[in-house]
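Novice: The following block contains a protein sequence and its predicted model.
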Amino acid sequence: MAIMRALWWILGLRFKSRARIEAENLALRHQLNVACRSAPRRGRPRISDRLLLVWLYRLWPSVLNSMVIVRPDTLVRWHRRGFKAFWRWKSGGCPGRPRIPKEIRELVREVSLANPLWGAPRIHGELLKLGIDVAQTTVAKYMARGRQPPSQSWKTFLQNHAEGIAAVDFFVVPTVTCKLLFGLLIVCHKRRLLAHVAVTANPTADWIARQISEAFPWDMAPKYLIRDRDGAYGEVFKRRVKAMGIRDRPTAPRSPWQNAYVERLIGSIRRECLDHLIVFGEAHLRRVLCAYADYYNRTRTHLSLSKDTPSARPILREGRIRSIPYLGGLHHSYVRI
């Protein structure tokens, strides 16, 4: 059979072109060189060998019949792999649409998480107003998946209602003569504003009602007033609050955490003011609390207000820095002049 194949090959040479014969001869010679180079082991073509054989196959596909050390399918696979590599290099390695920057992808995810009620069209509109021109389908692609059902957080819920909530509470201060004075604080939840301070030695319902009227004019009264269940809040106080359109909301018994804002303020007053001085009398305590209220509202920064003051302290960038003492130098305020 080998002799017959050889005779058939020689007979077929009469019908082949000279270039085709030379290509097949070159392919056979190169395969022989590869076999001799790696003898006695089986020859493994190098990259240069593969390129030469693929180039011959590209010009004369009939050289497949002359492949001995590799199968024809292997040579075709080499050719296809080289074809893909060539066009990958020619296309620059960046097929498809340009990649969206990481900052924009993170911004879309952040906006979608912070606003569960917004869909892709709303977020896309906000990005357009920020000068970010991306497609709406791109926004929908990079939105956070598995978001919670459209609902506000408890923090958002409380902030939406804080503007109409005020709190009132008493605290006791001993004087130099061991007499007890009662300080009254009224705090607005919106900006932690200390709306009113008062001092008395005998807190009655009528006196508390007058303080509520002084703290809130008729057009500035809050919708809700939080207080504890002290017996000093009598019928006169309740009627005055109701007449002003304020809904009285006493806390549960023995639950000071339900009036947390004013309790925290009382703690701040004690730590930052009253623990560092001796109160001589009612007038002295009133002056001290008024001075601290002015410092608290206009100067003292709050973490809950993003390091701002309840009365929106402006940012000064020019001028010399000067300190202004409060409470006899216990605290200072720094301004530019």
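Specialist: In hand now; what should we look at?
Novice: Quick check, central residue of the protein?
Specialist: Residue closest to the average C-alpha location in the chain (CA atoms, centre = their mean): E110, at 5.3 Å.
Novice: Going by secondary structure, A167 is in what exactly?
Specialist: strand 165-174 (DSSP states H and E).
Novice: Dump the C-alpha coordinates for the helix or strand just after that strand into PDB.
Specialist: The C-terminal neighbour of strand 165-174 among helices and strands, as given by DSSP H and E, is strand 180-188. Extracted in PDB, the C-alpha atoms of strand 180-188 (Å, rounded to 0.1, in the frame of the first residue of the first chain):
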ATOM      1  CA  LEU A 180     -32.600  73.500  95.700                       C
ATOM      2  CA  LEU A 181     -33.300  75.400  92.600                       C
ATOM      3  CA  PHE A 182     -35.100  74.000  89.600                       C
ATOM      4  CA  GLY A 183     -34.000  74.800  86.100                       C
ATOM      5  CA  LEU A 184     -36.400  74.400  83.100                       C
ATOM      6  CA  LEU A 185     -35.100  73.700  79.600                       C
ATOM      7  CA  ILE A 186     -37.200  73.700  76.400                       C
ATOM      8  CA  VAL A 187     -35.400  72.200  73.400                       C
ATOM      9  CA  CYS A 188     -36.500  72.100  69.700                       C
END
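Novice: helices or strands up against strand 180-188?
Specialist: For strand 180-188, the elements it packs on are strand 165-174, strand 193-200, helix 205-215, helix 260-272, helix 282-298, judged by 3 or more CB pairs under 8 Å, 6 or more residues apart in numbering; DSSP states H and E. Glycine gets a C-beta too; all of them are placed from N, C-alpha and C.
Novice: would you turn those into TSV with mean pLDDT, distance to F83 and mean neighbour count?
Specialist: Below are these laid out as TSV (pLDDT from 0 to 100; distance: least, CB to CB, whole Å; neighbours: other CB atoms under 10 Å):
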stretch	mean pLDDT	distance to F83	mean neighbour count
strand 165-174	96	73	19
strand 193-200	96	75	20
helix 205-215	95	84	18
helix 260-272	95	72	16
helix 282-298	95	76	18
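Novice: can you list those in JSON lines and add distance to Y224?
Specialist: Below are the helices and strands packed on strand 180-188 laid out as JSON lines (distance: least, CB to CB, whole Å):
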{"stretch": "strand 165-174", "distance to Y224": "5"}
{"stretch": "strand 193-200", "distance to Y224": "14"}
{"stretch": "helix 205-215", "distance to Y224": "13"}
{"stretch": "helix 260-272", "distance to Y224": "13"}
{"stretch": "helix 282-298", "distance to Y224": "21"}
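Novice: A252 is nearest to which of those?
Specialist: helix 260-272 (13.1 Å; CB to CB).
Novice: tell me what the closest one is packed against?
Specialist: Helices and strands touching helix 260-272, by 3+ CB pairs under 8 Å, 6+ apart, are strand 165-174, strand 180-188, helix 282-298.
Novice: A135: which of the ones you listed is closest?
Specialist: Using CB to CB, the nearest of the helices and strands packed on helix 260-272 to A135 is strand 165-174, at 43.9 Å.
Novice: so that closest one versus strand 193-200, what angle?
Specialist: Put simply, strand 165-174 runs at 40 degrees to strand 193-200, going by axes from the mean of the first three to the mean of the last three CA atoms, to 10 degrees.
Novice: can you put the helices and strands packed on helix 260-272 in TSV and add distance to V199?
Specialist: Converted to TSV, these look like this (distance: least, CB to CB, whole Å):
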stretch	distance to V199
strand 165-174	8
strand 180-188	5
helix 282-298	5
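Novice: Can you say which of these is nearest to A198?
Specialist: The nearest among the helices and strands packed on helix 260-272, by CB to CB, is strand 180-188 at 4.4 Å.
Novice: which outside residues touch the closest one?
Specialist: 165-175, 193-201, 203, 208, 211-212, 215, 222, 261-262, 265-266, 269, 279, 282, 285, 289 (CB atoms under 8 Å, 6 or more residues apart in numbering).
Novice: if we go to 6 Å?
Specialist: 166-173, 194-196, 198-201, 203, 211, 215, 261-262, 265, 282, 285 (CB atoms under 6 Å, 6 or more residues apart in numbering).
Novice: what's the answer for stretch 303-323, then?
Specialist: Defining contact as CB under 6 Å, 6+ apart, one finds that stretch 303-323 is touched by 191-193, 297-298, 301, 332, 334-337.
Novice: Can you give the distance from that stretch to the centre of its chain?
Specialist: Chain-centre distance of stretch 303-323: 25 Å, with CA atoms, centre = their mean, to the nearest Å.
Novice: Please read off the pLDDT at P150 from the model.
Specialist: Confidence at P150, expressed as pLDDT, is 58.
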